[in-house]
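Undergrad: The following comprises the amino acid sequence and a computationally predicted model.
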Amino acid sequence: MVNRRISADLKEAALRMWEHGWELSDICSALIVSARSMYRWRAIFNKLGRVTRPPSGLRGRPRIISLLALDACHKIYAENNDTYLTELQWFLAVHHDIAISISALQATLQKAGLT
């Protein structure tokens, strides 16, 4: 079967049909889903109480600079607003163990609104 996104409503309806005594093969042919999907949805429902998993907390690329280090950069700029990027790069390397290029540091600071 082709990989496709199936709505939570359809998954819930399929599980309800299965609960009410429909044959698994009939549900699969009527809704064009695989039996394996049905078993997976039932396992997720039994575990979580809903047919879909919650979204993963890990989304997108990992950030080079953590929020703690970015907050430290913000404090440095608040105390001394004429700090050079090379000085900030050195600070991050020594105090936060972050190796970052000047261009990446500048882009990160611009996105954070610090420059």
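TA: Nice, thanks for sending it over. Numbering: from 1, shown residues only.

Undergrad: ok, residue 68 touching residue 96?
TA: Yes - with contact defined as CB atoms under 8 Å, residue 68 counts as touching residue 96 (7.4 Å). Backbone N, C-alpha and C define where each C-beta goes, glycine included.

Undergrad: These two - which one has more neighbours?
TA: Between residue 68 and residue 96, counted using other CB atoms under 10 Å, residue 96 has the larger neighbour count: 16 against 8.

Undergrad: what's that one in contact with, if anything?
TA: 65, 66, 68, 69, 72 (CB atoms under 8 Å, 6 or more residues apart in numbering).

Undergrad: What pLDDT is listed against it?
TA: In this model, residue 96 is scored at 88, pLDDT.

Undergrad: can you check the one 3 residues further on too?
TA: Residue 99 carries a pLDDT score of 90 in this model.

Undergrad: now residue 114
TA: 76.

Undergrad: And it, how far from residue 83?
TA: Going from residue 114 to residue 83 by CB to CB, to the nearest Å gives 10 Å.

Undergrad: try residue 73
TA: From residue 73 to residue 83 the distance is 9 Å (CB to CB).

Undergrad: Mind checking which of the two has more residues around it?
TA: Neighbour totals were compared for residue 73 and residue 83, and residue 73 leads with 20 against 13 (other CB under 10 Å).

Undergrad: Please list all residues in contact with the more buried one.
TA: Per CB under 8 Å, 6+ apart, neighbours of residue 73: 65, 88, 91, 92, 109, 112, 114.
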